[in-house]
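In: I'd like to go over a predicted model; first the sequence, then the structure.
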Amino acid sequence: MTTTAELEEPPVWADAASALVFGVGVLVTAHVVPILALLPFLIASSLGRRLASRAVEPDPADVVDAWVPPEEPRVVLARGPIEAPRLEVLVFDTVEAARRFQETLPSPTAVVAGHAPVPRDALPSLRFVGIALAFVATGTWLGALTLVFFAHGALGLLRAKQIVVTEDRVVVRGLFGTRSYSKAEAAALDPDELVPVGAIRDRLLATPSWLEGARARALAALARR
């Protein structure tokens, strides 16, 4: 019987709707369109964030790391080139199903923790700037309070890091670049400096409790020199 799982990933259409919220907000500010023009794109972007998963048939191809968090029906995968792996989180019906899929995968060639942020990840937060602009332009200054949500999302994006531990290197990837260390160099750093608590995030830039285990796993791999 074919095994299916839910892939946790924000849909492209939701990010496009977030971009349109910002764009329409600018048009409202310029008095080109009414503020109600925001509504369909705002609804679409919000729904997309809540429906950020889709059914897939798990694929073992190009996997460089796989991990099942304790007592979680998830398999956390890293795919692609080891220099820039892509995080995937597959949610199964049960913990046992997740472990069975993990057993079909090749041995990890690296330990990977967290999603490496990209510019697209800024769109869900940027929509709040569009909302604030639109409300302020129509004289509703309380609308500027939505900038609090923008600041919260932007902070998460700036803090987000991915750590990749290979046999001889440690690579930390963030929004503005990549840092690479030898294992000896990385081991000499304070772990909270190398990968701050809260920096390891999923594809939605959230910090579910099981992600702290991913950070601990990567730091443990670093300690095994």
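Out: That came through fine. Numbering: from 1, shown residues only.

In: list the buried ones in the longest helix along the chain?
Out: When the chain is parsed with DSSP state H, its longest helix is helix 12-29. Going by neighbour count (16 or more other C-beta atoms under 10 Å), the buried part of helix 12-29 is 14-22, 24-25, 27-29. Using the backbone N, CA and C atoms, a C-beta is placed for each residue, glycine as well.

In: what residues does stretch 133-144 touch?
Out: Residues outside stretch 133-144 that contact it (C-beta atoms under 8 Å, 6 or more residues apart in numbering) are Val24, Gly25, Val26, Val28, Thr29, His31, Ile35, Leu38, Ile131, Ala132, Thr146.

In: tell me the two of the residues you listed that are most distant?
Out: Taking C-beta to C-beta as the measure, those span a maximum distance of 19.8 Å, between His31 and Thr146.

In: Number of residues surrounding Ser182?
Out: For Ser182, the tally of surrounding residues (other C-beta atoms under 10 Å) stands at 12.

In: is it in a bridge, and if so with what?
Out: Arg169 (DSSP bridges).

In: Distance of it relative to Ala154?
Out: To Ala154, Ser182 is 32 Å away according to C-beta to C-beta, to the nearest Å.

In: what do you get for Arg50?
Out: Per C-beta to C-beta, Arg50 is found 21 Å from Ala154.

In: More neighbours: which of the two?
Out: Regarding Arg50 and Ala154, a neighbour count based on other C-beta under 10 Å identifies Ala154 as having more, with 16 against 8.

In: thinking again about what came up before, please identify which of His31 and Thr146 sits among more neighbours.
Out: Here His31 and Thr146 are compared on neighbour count by other C-beta under 10 Å; more neighbours surround Thr146, at 19 against 9.

In: Can you give me every residue that contacts that one?
Out: Contacts of Thr146 by C-beta under 8 Å, 6+ apart are Phe128, Ile131, Ala132, Phe135.

In: repeat for Leu126
Out: Contacts of Leu126 by C-beta under 8 Å, 6+ apart are Ser18, Ala19, Phe22, Phe150.

In: isn't the last one right up against Phe128?
Out: Yes: because the distance of 3.9 Å satisfies C-beta atoms under 8 Å, Phe150 is recorded as touching Phe128.

In: Among these two, which residue is more densely surrounded?
Out: More crowded of Phe150 and Phe128, by other C-beta under 10 Å: Phe128, with 24 against 19.

In: so that one sits in a helix?
Out: Yes: applying DSSP: H, G, I helix; E, B strand; the rest coil, one finds Phe128 inside a helix.

In: so what's it up against?
Out: Contacts of Phe128 (C-beta under 8 Å, 6+ apart): Thr146, Leu147, Phe149, Phe150, Gly153.

In: Give me the most central residue, this protein.
Out: Arg203 (2.3 Å; C-alpha atoms, centre = their mean).

In: Relative to Ala52, how far out is that one?
Out: 8 Å.

In: about what we covered before: what does the longest helix of the chain contact?
Out: 33-35, 37-38, 41-42, 44-45, 47-49, 51-52, 120, 123-124, 126-127, 129-134, 136-138.

In: Tell me how many other residues crowd the residue lying closest to Thr104 once chain neighbours are set aside.
Out: Nearest residue to Thr104, sequence neighbours excluded (C-beta to C-beta, 6 or more residues apart in numbering): Pro60, at 5.8 Å. As a burial measure, Pro60 scores 13 neighbours (other C-beta under 10 Å).
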